[in-house]
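Q: A predicted structure for the sequence below; I have some questions about it.
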Amino acid sequence: MLTKIMTKVRYKLVFNRGGRLNQSGEGLVQIECTQNGRRIYFSTHTYLQPNQFYHGCVVNHELADNLNYALYKIMHEVENIELEYIKRGVVVTLPMLREAYRSHLSPGAKLRDFGMNVIEDSARKQLTKRNYLTLFNDLDKYRSGTYITDIDYNYVVGYDKYLRGIGVQHNTRVSRLRLLRALLNEARKRDIIDTNPFDRFRIQQMVSKKGYLPADLLRKLEAMKLSGNDDIVRDAFLVGCYTGLRFSDIRTLRKSDIHDGWIVKKMVKTGYEVEIPISDKMAEIIGKYGDIGKLAKNLGVNSQVNATLRVLLDSIGADVKITFHSSRHTFATLLGQKGVQLTTIQRLLGHQKLQTTQIYSEVDRTAILNDLRGNALQSNNKIQDDISHTDF
């Protein structure tokens, strides 16, 4: 049942609405759409002489019949969009009509078609686009052939329940719900839907499943006497602990990324640039290799590195959940325990959203006690100094 009174849009062809002819003395024919006293116009890209249009029709033109057929066909295409909205029980507004026509997507378009249209025309990263494709495949399995205007609160609740039922992990479920919410926000911005059902549905926070290496175990790892591949893997892991760089960024780290005591690097995963002050211990590793690129180039693939790292971590009694990526978590967690503000850690990690950083930053008794004792840093200069001299 509709919750609003529906007012049918009225359509007609109008000529030279602006009152100005082009250099050939011709005026533009447009489709006028009227609803509740408001009007919008669509161009037909058809230009005529003033004496060739009368009472909504082409006259005095050798192709008058063909032109009239073409113009009324365009007008009917616009009206058909409105009728598809009505059939789906949607109250039509002029902005909705305009956006649906311009995007070449009728309200009868399926969610997948709309989503593909959005991501193909966007500047989103390839990884994000692949994640959307995974979402579309997932939604087809949940309820195939869903129309964009069919998605309501019950649909979202049902999809969340479906993900739980098939055993999708918590963070993956949260990620897919966020992508769906973003897609529906795009539909709302384009006036294809009036409201986003996620306005009433709360998506849970992601939770951290990765461990981090406590400071005492980090010192044990630093003190180990190693050689060959073991030494390279240990040092690469320490680079992650000292900088927060991902494995892909460490593998591509080069001497040219180091500038006046800072690492300035575009991240492989996101393309965003991070600026990280070089700590004393990071400087020691750089000095050890002379060219940091020598360390990076000698690293194997992620699976091989993690297999070697696992043996080293077992020897110092580290948690079995710790992987190479845990070095990034370690960096964020230990800085948080030192009292470094979360927004600063966010910049160092290159996160666009603070919400993402909260996954990495452990809230534990050390951090709480530091806050209560007033050890939180008060200026960016002090923060940089603490980062540079943190005794991991």
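A: Sure thing, it's come through.

Q: for the stretch 151-300 of the chain, what spans make up the strands?
A: Residue ranges of the strands in the stretch 151-300 of the chain, as given by DSSP state E, counting those that start in this stretch, are 258-259, 262-266, 273-277.

Q: Which strands border the shortest one, and is each parallel or antiparallel?
A: Think strand 258-259. strand 262-266 (antiparallel) (DSSP bridges).

Q: in the strand or helix carrying Leu135, what counts as buried?
A: Here Leu135 sits within helix 126-142, counting by DSSP states H and E. Residues of helix 126-142 classed as buried by neighbour count (16 or more other C-beta atoms under 10 Å): Asn131, Tyr132, Leu135, Phe136, Asp138, Leu139. Yep, even glycine has a C-beta here, placed from its N, CA and C like the rest.

Q: Export the strands of the stretch 151-300 of the chain as JSON lines, with columns for mean neighbour count and mean pLDDT.
A: Shown next, in JSON lines, are the strands of the stretch 151-300 of the chain (neighbours: other C-beta atoms under 10 Å; pLDDT from 0 to 100):
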{"stretch": "strand 258-259", "mean neighbour count": "15", "mean pLDDT": "92"}
{"stretch": "strand 262-266", "mean neighbour count": "17", "mean pLDDT": "93"}
{"stretch": "strand 273-277", "mean neighbour count": "16", "mean pLDDT": "92"}
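
Q: I'd like these as CSV, with distance to Ile292 appended.
A: Compiled in CSV, those are given as follows (distance: least, C-beta to C-beta, whole Å):
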stretch, distance to Ile292
strand 258-259, 7
strand 262-266, 9
strand 273-277, 13
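
Q: Any idea how far apart the tips of stretch 341-355 sit?
A: Terminal residues of stretch 341-355 are spaced 14 Å apart (C-alpha to C-alpha, to the nearest Å).

Q: Pull the distance from it to the chain's centre.
A: Offset of stretch 341-355 from its chain centre (C-alpha atoms, centre = their mean, to the nearest Å): 16 Å.

Q: Averaged pLDDT, that stretch. What do you get?
A: For stretch 341-355, mean pLDDT is 84.

Q: Which positions within that stretch qualify as buried?
A: For stretch 341-355, by 16+ other C-beta under 10 Å, it's Leu342, Thr344, Ile345, Gln346, Leu348, Leu349, Gly350, His351.

Q: ditto for stretch 317-326
A: Ala318, Ile322, Thr323, Phe324, Ser326.

Q: what's the burial count for Thr252?
A: 17 (other C-beta atoms under 10 Å).

Q: One more: the one 3 residues further on?
A: Burial measure for Lys255: 13 neighbouring residues, criterion other C-beta under 10 Å.

Q: quick one, what contacts it?
A: Asp291, Ile292, Gly293 (C-beta atoms under 8 Å, 6 or more residues apart in numbering).

Q: Please tell me how far the residue lying closest to Tyr132 once chain neighbours are set aside sits from Asn298.
A: Excluding its sequence neighbours, the residue lying closest to Tyr132 (C-beta to C-beta, 6 or more residues apart in numbering) is Ile119, at 5.1 Å. From Ile119 over to Asn298 the distance is 38 Å, taken as C-beta to C-beta, to the nearest Å.

Q: Those two: who's more crowded?
A: Per other C-beta under 10 Å, whichever of Ile119 and Asn298 has more neighbours is Ile119, with 19 against 16.

Q: The more buried one touches Lys129, doesn't it?
A: Yes: taking contacts as C-beta atoms under 8 Å, Ile119 lies within contact range of Lys129: 5.0 Å.

Q: which residues sit in contact with the nearest residue to Arg164 once chain neighbours are set aside?
A: With sequence-adjacent residues excluded and distances taken as C-beta to C-beta, 6+ apart, Arg164 is closest to Arg173, at 6.9 Å. Applying C-beta under 8 Å, 6+ apart, we find Arg173 in contact with Asp160, Leu163, Arg164.

Q: now the residues you listed as a markdown table including distance to Asp194?
A: Formatted as a markdown table, the contacts of Arg173 follow (distance: C-beta to C-beta, whole Å):
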| residue | distance to Asp194 |
| --- | --- |
| Asp160 | 22 |
| Leu163 | 26 |
| Arg164 | 28 |
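
Q: Could you point out which of these is nearest to Arg38?
A: Asp160 (37.9 Å; C-beta to C-beta).

Q: what pairs with the residue lying closest to Ala64 once chain neighbours are set aside across the strands?
A: In space, not counting the residues next to it along the chain, Ala64 is nearest to Val58; the distance is 4.6 Å by C-beta to C-beta, 6+ apart. Counting by DSSP bridges, Val58 is bridged to Phe53.

Q: Was I right to think Val58 contacts Gln49?
A: No: contact between Val58 and Gln49 fails when scored by C-beta under 8 Å: they sit 10.3 Å apart.

Q: more crowded one of these two?
A: Val58 (22 against 13).

Q: contacting residues for the more buried one?
A: Leu48, Gln52, Ala64, Leu67, Asn68, Leu71.

Q: now the residues you listed as a markdown table including pLDDT, distance to Leu183 and neighbour count?
A: Listed next are those as a markdown table, based on pLDDT from 0 to 100; distance: C-beta to C-beta, whole Å; neighbours: other C-beta atoms under 10 Å:
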| residue | pLDDT | distance to Leu183 | neighbour count |
| --- | --- | --- | --- |
| Leu48 | 95 | 41 | 21 |
| Gln52 | 95 | 45 | 18 |
| Ala64 | 94 | 45 | 15 |
| Leu67 | 95 | 40 | 20 |
| Asn68 | 95 | 40 | 16 |
| Leu71 | 95 | 35 | 21 |
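
Q: Noted, bye for now.
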